[in-house]
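**Student:** What follows is a predicted structure for the sequence shown.
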Amino acid sequence: MIRLAAIFGLLGLAAATGIIIWSGIDPVLAALDRAGWGILWTSLYHILSMIFCVVGWQALMPGRTRPSLGFFLYVLWLRSSVNNMMPVARIGGEVLAVRVMTKHGVIKTSAIASTVVELTMSVIAVFIFDVTGIGLFTWHIADRHTGWQLATGLLLSIPAIIAMIIVQRAGVCGLLSKMFTLMFRDKGKKFADNAAQLDRAVHTMYRRKKRVLVCGFWQLLAWGAGAGEIWLALYFLGHTLPLVQAFMLEALIQASASAAFVVPGALGVQEAGFLLFGGMLGLPADIAVALAVMRRCRDLLLYVPGLIAWQVQEGRWLLRKQGVS
């Protein structure tokens, strides 16, 4: 799977490079030069979306004493860095998040259950966000054919969302434990006991409907805040766009990235999306591609340090395990 994702990543990188060359390197570089320090400010703005996300994640945690928002922001930073910069099909970050949380004293069942529920609510929130954005986009361009094509592509994700919910309700960990026990007999008993605990923790978390709804609200707000990032980036590029159109563009880009989840960082797909949908909203090709490059700069500025921080953290844990102070 990792090898396949790496191949898709290389193909995406080639496509992204081709799009930049096709749109004209000099005009794109001129637009980026005009943005200047705006690239940094736009990148830092993304932290606001991350904060909204962790507020919802924290709300899921049981008990009065919860990890701080700062801790959840750190965990989300590491998780997003892995998911966006490595060929892990956007699931490796969740595994790392659980590992970091348990290493810092969070109960394992709470760490896993909160991550599962938060991920589910995030998927539902981005679906609502995309549906709203595509609806507004279809109304704006008055092209029903294009609107139906986009809507059809989005509707294909509904069975996956429903399956995700059904599997969780059925007890995915319990089902896996039964298979594990059949394969390894007595050696699977401990795993089966742990799996049953995890399923109970997930079900208990879902029964706290108010907290789940609060999580979903903040997740939706986090996705919506991306429209502000688009608007700010275009402002620094010297091209204004109404906030509602920035909302449409962000929704379309997120929908494209979700469809291409096997491609690391949606390389090539994201650039093509900015060029195609940006053009339909009136953005010149050089501005649309410069906007895509600014999004890549954001990933480099925020997530490469996150990968470094993760490796430093892993090194400390390894030294501690070996008894090195």
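**Tutor:** Arrived safely.

**Student:** alpha carbons only for contacts and neighbour counts from here, please
**Tutor:** Fine.

**Student:** Tell me how many other residues surround the closest residue to G38 other than its chain neighbours.
**Tutor:** Closest residue to G38 apart from its sequence neighbours, by CA to CA, 6 or more residues apart in numbering: F236 at 5.5 Å. When neighbours are defined as other CA atoms under 10 Å, F236 has 21 of them.

**Student:** surely F236 meets W41?
**Tutor:** No: between F236 and W41 there is no contact under CA atoms under 8 Å: 9.4 Å.

**Student:** Can you report phi and psi for L237?
**Tutor:** Backbone torsions of L237, given as degrees, to the nearest 10, read phi -80, psi 0.

**Student:** Now for the nearest residue to it once chain neighbours are set aside: which residues touch it?
**Tutor:** With sequence-adjacent residues excluded and distances taken as CA to CA, 6+ apart, L237 is closest to A35, at 4.9 Å. Neighbouring residues of A35 by CA atoms under 8 Å, 6 or more residues apart in numbering: A233, F236, L237, G238.

**Student:** By mean pLDDT, flag the weakest helix or strand of the protein.
**Tutor:** In the chain, no helix or strand scores lower on mean pLDDT, DSSP states H and E than helix 172-184, which sits at a mean of 47.

**Student:** from what I can see V117 touches T204, true?
**Tutor:** No: using CA under 8 Å, V117 makes no contact with T204, being 10.7 Å away.

**Student:** Comparing the two, which residue is more hemmed in?
**Tutor:** V117 (22 against 13).

**Student:** Look up which helix or strand the more buried one falls in, please.
**Tutor:** Assigned by DSSP states H and E, V117 belongs to helix 108-141.

**Student:** Quick one: mean pLDDT for that helix?
**Tutor:** The average pLDDT within helix 108-141 is 90.

**Student:** For that helix, enumerate the helices and strands it packs against.
**Tutor:** helix 38-60, helix 92-103, helix 144-155, helix 158-170, helix 189-207, helix 209-224, helix 243-259 (3 or more CA pairs under 8 Å, 6 or more residues apart in numbering; DSSP states H and E).
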